[in-house]
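> What follows is a predicted protein model with its sequence.
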Amino acid sequence: MAIVEKVIDAPPQQVFTVLADGWTYSDWVVGTTHVRDVDEDWPQVGSQLHHRAGPWPFSLQDASTVLLCEPPHRLVLRAGLWPAGEAIVTFTLEPVGEGATRVRIGEEFAAGPLRWVRNKVNDLVLHLRNRETLARLSDIATRQKERR
């Protein structure tokens with residue numbers, strides 16, 4: 001499992017507000033190029049975010065489904081990218097000091113061909129991708145904090 005963490009200068013509820021806005025995922029999730037639709041009850045368990053991922057013209061359409069939602073501390077998604085497979089992505093938010101949040105992303109391929117390609121190169125790519133994902137999430141969460 002690839003695990004990456006970052007301390008974001010915003011309280012957990014503010015960071016979770018970004019996670020709860022499915023329409024922003026293409027802004028901060030590296031690889032998601034377009035959000036096509038978001039279920040009205042996102043991020044409730046079972047709700048879906050419909051996305052396109054990967055570079056055009058090879059991008060794939062699929063959906064991510066909420067498996068667990070415990071605002072403002074935890075969100076677990078099954079992220080689909082078929083025919084390549086799917087991953088279980090866990091966001092954990094923990095308060096740090098006054099007004100900051102340690103955000104941890106754990107990602108593991110759960111099904112399909114990607115599951116069989118577990119190796120150090122794959123882990124390195126996931127680590128780099130998720131480090132950039134957290135940097136983008138931080139930019140959005142701290143910018144929203146400043147506007148309030």
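Sure thing, it's come through. Numbering: from 1, shown residues only.
> the helices in this protein, which residues?
12-19, 25-28, 113-116, 120-147 (DSSP state H).
> Tabulate the ones you listed (TSV), appending mean pLDDT, mean neighbour count and distance to Gly80.
The way it works is simple: take the backbone N, C-alpha and C, and place the C-beta from them, glycine included. What follows is these, written out as TSV (pLDDT from 0 to 100; neighbours: other C-beta atoms under 10 Å; distance: least, C-beta to C-beta, whole Å):
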stretch	mean pLDDT	mean neighbour count	distance to Gly80
helix 12-19	97	21	18
helix 25-28	94	18	13
helix 113-116	63	13	11
helix 120-147	82	15	16
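> Could you dump those helices into CSV with distance to Leu67 added?
Shown next, in CSV, are the helices of the chain (distance: least, C-beta to C-beta, whole Å):
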stretch, distance to Leu67
helix 12-19, 14
helix 25-28, 16
helix 113-116, 17
helix 120-147, 18
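> Of all those helices, which one comes closest to Gly85?
helix 113-116 (3.7 Å; C-beta to C-beta).
> ends of stretch 42-49, how far apart?
Using C-alpha to C-alpha, to the nearest Å, the gap from the first to the last residue of stretch 42-49 comes to 7 Å.
> how about that stretch: buried residues?
Trp42, Pro43, Ser47, Gln48, Leu49 (16 or more other C-beta atoms under 10 Å).
> Let me see the contact set for the second one.
Contacts for Pro43 (C-beta atoms under 8 Å, 6 or more residues apart in numbering) come out as Leu19, Ala20, Gly22, Val66, Cys69, Leu75.
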